[in-house]
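Enquirer: Quick one: sequence and predicted model below, then my questions.
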Amino acid sequence: MRNYAYPVFDEKTVDTIEIHKLISCECGCGEQVFRDKWRRLPRFKFGHQSRGKFNAAWKGGSYINHSGYRLVRAYGHPRAQKGYVFEHILVAEKKIGRYISLNEHVHHINKDKLDNRPENLEVTTASEHSTGHCAERYAEIRSQEVECACGCGTRFKLRSKTPTGKTYKRRFVYTHQSRIRQKDSKGCFT
């Protein structure tokens, strides 16, 4: 005999139980489950028996996405997408005691996306967050030193500013580019 995921009632039991009795689905979705056409009372709504911890591929309710952030299962959260929310958002919300608005971001102080300790997280506005990251990124780029491409061994900063304030990448010290672009005996540039 097959083991069903729901109890099977005989005629006497069905008469004593309310026919329109509703129970909630055991997967945790909160939806109501109705009797089927044979008057059996299922434990799950159709298709929900393999959700969450009942699924064979269940790995504890969290995963790491393609960007390297950990997502945790949290149904009912305002920022939930398919039932999952970024873990650093949940930790920061618990730390400050309210939901984080859409114009606020959570900043990882040590830049480790998986380090979601409360002391490593900081709630900032979106503009402060992007300004801080851009300043760090450009300070690092501007401080890079490279060797001149002509082979003289002179070192200089990779980026320079034009009189208008724009930055550009350099490969040569100002007067050394002509050393590379000299004509050979056939009149071709080397």
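Expert: Great, that's in hand.

Enquirer: number of nearby residues for A57?
Expert: When neighbours are counted by other Cβ atoms under 10 Å, A57 registers 5. From N, CA and C alone the C-beta is placed, and that goes for glycine too.

Enquirer: do P78 as well
Expert: One way to gauge burial is a neighbour count; for P78, by other Cβ under 10 Å, it gives 11.

Enquirer: And L71, by the same measure?
Expert: The number of residues near L71, taken as other Cβ under 10 Å, comes to 21.

Enquirer: That one - that's part of a strand, no?
Expert: Yes - assessed with DSSP: H, G, I helix; E, B strand; the rest coil, L71 lies in a strand.

Enquirer: isn't it right next to G61, touching?
Expert: No - contact status for L71 versus G61: not in contact, 9.4 Å apart, counting by Cβ atoms under 8 Å.

Enquirer: so where do the helices sit in the protein?
Expert: Applying DSSP state H to the chain gives helices spanning 11-16, 87-96, 126-142, 177-180.

Enquirer: Quickly, which of those helices bottoms out on average pLDDT?
Expert: Considering the helices of the chain one by one, the lowest average pLDDT is found for helix 11-16, at a mean of 51.

Enquirer: show me the contacts for T125.
Expert: T125 is in contact with 103-105, counting by Cβ atoms under 8 Å, 6 or more residues apart in numbering.

Enquirer: Swap in 7 Å and give it another go.
Expert: Contact criterion Cβ atoms under 7 Å, 6 or more residues apart in numbering gives 103-104 as the residues in contact with T125.

Enquirer: Could you measure from the residue nearest to G83 when sequence neighbours are not counted over to G60?
Expert: Sequence neighbours aside, Y75 is the residue nearest to G83 in space, at 5.0 Å (criterion: Cβ to Cβ, 6 or more residues apart in numbering). Computed as Cβ to Cβ, to the nearest Å, the Y75 to G60 distance reads 15 Å.
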